[in-house]
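A.B. asks: Give me the fold of what follows.
(one chain, ligands or ions: 1)
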Amino acid sequence: MRIPVIVLSGFLGSGKTTLLLRLLEESKRRGLQHGILMNELGKQDVDGLIVDEHSGAVLEKLLDGCVCYSKKSELGGSLKMLLNRKPDVIFIELTGVANPEEIADALTEPRLIGHLRLKQIITLLDAEHVLDYNSIFASDKQLVQTLRRQIEVADMIVVNKTDLVRMGHILKIKAMIHKHNDRAIVSFTKHSYLDLSPVLDGVEQIEITKQATFKRLQMAKVSTGGRSEEKQKDSHHHHENERSFSRVQTFTLPCSSTHITKKQVEQFLSLWGNSLLRAKGYILISEAGKMLLMQHAGRRTYWEPTFYSGEPYIVLIGIEMNEESLQSAWNSSMK
Ligand SMILES: Nc1nc2c(ncn2[C@@H]2O[C@H](COP(=O)(O)OP(=O)(O)OP(=O)(O)O)[C@@H](O)[C@H]2O)c(=O)[nH]1
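C.D. replies: Numbering: from 1, shown residues only. Sure thing, here's the model as predicted:
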């Protein structure tokens, strides 16, 4: 069973740590073991200390840099450390300037891909300031773009600090959210108090799940001795639990072992417009006569030499993309 990962994003001071503490309390009440990864820009681990104080939770910290820049290479290692402790759920609190898509990217690392699944991206907005960011940060286009992406890719948006604004202001925020993301669940909160069922429902204790599975399999064996309805129910049950609820999803396409051209691959990638956030993989390229590493980001595709010699494949990270369409488009592109 892949461990669900819940990502908290949102600009500085929007209420991420406050929400994390609520999530820890609720997951404890549900008997869930949690792992936490906190990423902070500064050397001082302020939020980590707050969380430690409140929960005594298992924490991994990435300090003094953002997972989107300097700490990118360490992210996979930290997630692996958490994974080794076999939690039922992992919470990641990002820095205020991180793009949550980076996490989806990190989860595609070979040592993580079969073990973790992105369950939800929650973005917190500071009701008092969120409408001013465009003008405050006008000179920093990249930051404005990141803050917009935090809204666009979220599965749940929590507009926090509503005690500090009037109703008219809240309506303006609602309209702004609707413009960028009309699919997310939106909550308006004070001190990050909200119904946590949409976040934690479906997260199960791994040990209990394992025991239940074992019991069901035993029963199935005794009753029919073969592939039974119980077994099918069981695999269905698992499938349900493992479904990714996040709009940001990862797909792995095995590529044929015959050579294809860069142009064919690039044409395939260009079919998905803004839905495709990122792609990478190892493909046998005709003009190179060998395997190349393909990296696609921000609508550009880069080709690099590689020593990889396994089966060719591509990993795609997209928003609201469909595996069947991807596979059939890939098959047609290769003709
Ligand atoms: N007035 C008010 N204050 C709040 C609310 N929610 C959180 N705060 C306070 O705002 C401050 C920042 O909250 P945090 O939860 O630390 O925010 P954060 O997003 O983790 O902040 P960074 O770690 O800087 O990114 C804290 O002092 C909170 O107590 C709210 O709804 N209203």
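A.B. asks: So what pairs up with the nearest residue to residue 16 once chain neighbours are set aside in the strands?
C.D. replies: Among residues not flanking residue 16 along the chain, residue 8 sits closest, at 4.6 Å (Cβ to Cβ, 6 or more residues apart in numbering). Just so you know, the C-beta spots here come from the backbone N, C-alpha and C atoms, and that holds for glycine as well. Counting by DSSP bridges, residue 8 is bridged to residue 93, residue 122.
A.B. asks: from what I can see residue 8 touches residue 18, true?
C.D. replies: No - with contacts counted by Cβ atoms under 8 Å, residue 8 stays clear of residue 18, the gap being 10.1 Å.
A.B. asks: of these two, who's got more company?
C.D. replies: The residue with more neighbours, out of residue 8 and residue 18, is residue 8; 26 against 19, by other Cβ atoms under 10 Å.
A.B. asks: residue contacts, the more buried one?
C.D. replies: If you count contacts by Cβ atoms under 8 Å, 6 or more residues apart in numbering, residue 8 has them with 16, 19, 20, 91, 92, 93, 94, 122, 124.
A.B. asks: element containing residue 31, please.
C.D. replies: In this structure, residue 31 sits in neither a helix nor a strand according to DSSP states H and E.
A.B. asks: can I assume it is in contact with residue 205?
C.D. replies: Yes - Residue 31 sits in contact with residue 205 when judged by Cβ under 8 Å, with a separation of 5.9 Å.
A.B. asks: quick one, which of those two is more surrounded?
C.D. replies: Using other Cβ under 10 Å as the criterion, residue 31 and residue 205 rank with residue 205 on top: 15 against 11.
A.B. asks: Chain neighbours aside, what residue packs nearest to that one?
C.D. replies: Closest to residue 205 by Cβ to Cβ, 6+ apart is residue 88, at 5.2 Å.
A.B. asks: Report the separation between the one you found and the ligand.
C.D. replies: 23 Å (Cβ to the nearest ligand atom, to the nearest Å).
A.B. asks: Next, count neighbours for that residue.
C.D. replies: By the measure other Cβ under 10 Å, the count of residues near residue 88 is 22.
A.B. asks: ditto for the one 3 residues further on
C.D. replies: When counting by other Cβ under 10 Å, one arrives at 26 neighbours for residue 91.
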